[in-house]
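Undergrad: Sequence isn't available, so here's the structure alone:
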């Protein structure tokens, strides 16, 4: 009986360790991020005011109807080899490496705020022409946008 009593705690310990090792819902499962999903991006309201020199700005709205976020990481264009993305801080442009596009949200690139900057344009486009931009996103990849060139003082209609 004493031998059996001595083996009982060891057997219980072994059974407990076996159950813990086989369990699918331990700490590792809780540490994994929940939710997620893929971004679902669309672009609207794109325009470029007619440049007066070799600099141009691009404005647009990226909508994300997906359950996962994304990041705009760069923009390219046949119009210029030097294209960057900027935010405006204290009325100054500051180049950034990316912009977040939150799940179910938008990225608004607008006058006076976040925007696309094209520098060193050899042949500035005129009002009525169109410019191609390729928006590069971390998860979605590239989205090609054809941007109309508007009057230099163009203001898009306010959205409700």
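TA: Noted; the coordinates are in hand. Keep in mind the model is a prediction, meaning the values are calculated, not measured.

Undergrad: partners of the most centrally placed residue in the chain in the sheet?
TA: Nearest to the mean C-alpha position of the chain, counting by C-alpha atoms, centre = their mean, stands residue 71 at 1.9 Å. Per DSSP bridges, the residues bridged to residue 71 are residue 100.

Undergrad: Look at it and report its pLDDT.
TA: We have a pLDDT of 98 for residue 71.

Undergrad: Look up how far residue 114 lies from it.
TA: 13 Å (C-beta to C-beta, to the nearest Å). The C-beta positions use only the backbone N, C-alpha and C, and glycine is treated the same way.

Undergrad: hang on, residue 48 in a strand?
TA: Yes: secondary structure of residue 48 (DSSP: H, G, I helix; E, B strand; the rest coil): part of a strand.

Undergrad: who's in contact with it?
TA: Residue 48 sits next to 56, 57, 58, 59, 125, 131, 147, 148, 149, 150 when contact means C-beta atoms under 8 Å, 6 or more residues apart in numbering.

Undergrad: thinking again about what came up before, for residue 71 and residue 114, list the residues in contact with both.
TA: Common neighbours of residue 71 and residue 114, using C-beta under 8 Å, 6+ apart, are residue 99.

Undergrad: does residue 143 count as helix, strand or coil?
TA: When classified by three-state DSSP, residue 143 comes out as strand.

Undergrad: so it touches residue 43, yeah?
TA: Yes: judged on C-beta atoms under 8 Å, residue 143 makes contact with residue 43 at a distance of 6.2 Å.

Undergrad: Surely residue 41 and residue 71 touch.
TA: No: taking contacts as C-beta under 8 Å, residue 41 lies outside contact range of residue 71: 10.9 Å.

Undergrad: Before I go, just wanted to say thanks for your time.
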